[in-house]
Each structure stands twice: as structure tokens, then as C-alpha cells.
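Engineer: Predicted model and sequence below, questions to follow.
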Amino acid sequence: MNILIVFNREAYDNTDVTWNGLRLAETLRSKGEEVRIFLLNDAVDMARDACKHLLAMIRTCRKC
């Protein structure tokens, strides 16, 4: 089954809506389902933040 989850809220909006959606996506993925995530509006910042953290981790690893 192909599953599409659409996020349009920021991750830090004092609710668990986005985090619950991410947990659902990971649970489905771990059970072998194909999960795609589409980001709109404020949810795009969630991906930008993740990229910043990933780049910082890569830079730290290169110094090791």
C-alpha cells in the first residue's frame, strides 16, 4: 500500500499533531509500507531544521 501523509503545521505549535504524524509514518514504514511525506506551509521549516542539524553532525564527524 502507498501512503501519503501531508503536514502543514509547524512542529513546535504546542500540540502533538506533527509528532504523532511522524510516529505514524515511522510505524508504517517499519511494517514495510511505502510512506511519503509532503510538506506545506509551516511544515517546511521542520525539514529545514532537520537539514541544519544533519549538516552540523556531518561537520562534527569530519573533525574526528
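Structural biologist: On my side now, so go ahead.
Engineer: mind listing the strands in the protein by residue range?
Structural biologist: Using DSSP state E, the strands found in the chain span residues 2-7, 34-39.
Engineer: Could you name the helices and strands sitting against the last one?
Structural biologist: It refers to strand 34-39. strand 2-7, helix 17-30 (3 or more C-beta pairs under 8 Å, 6 or more residues apart in numbering; DSSP states H and E). Placement of C-beta: from N, CA and C, glycine included.
Engineer: which strand residues sit across from F38 in the sheet?
Structural biologist: Note on F38: beta-bridge partners V6, judged by DSSP bridges.
Engineer: how near is it to R59?
Structural biologist: 29 Å (C-beta to C-beta, to the nearest Å).
Engineer: for K52, same thing?
Structural biologist: Computed as C-beta to C-beta, the K52 to R59 distance reads 11 Å.
Engineer: Same question for D16.
Structural biologist: Taking C-beta to C-beta, one finds D16 at 31 Å from R59.
Engineer: likewise V17?
Structural biologist: Distance of V17 to R59, given as C-beta to C-beta: 32 Å.
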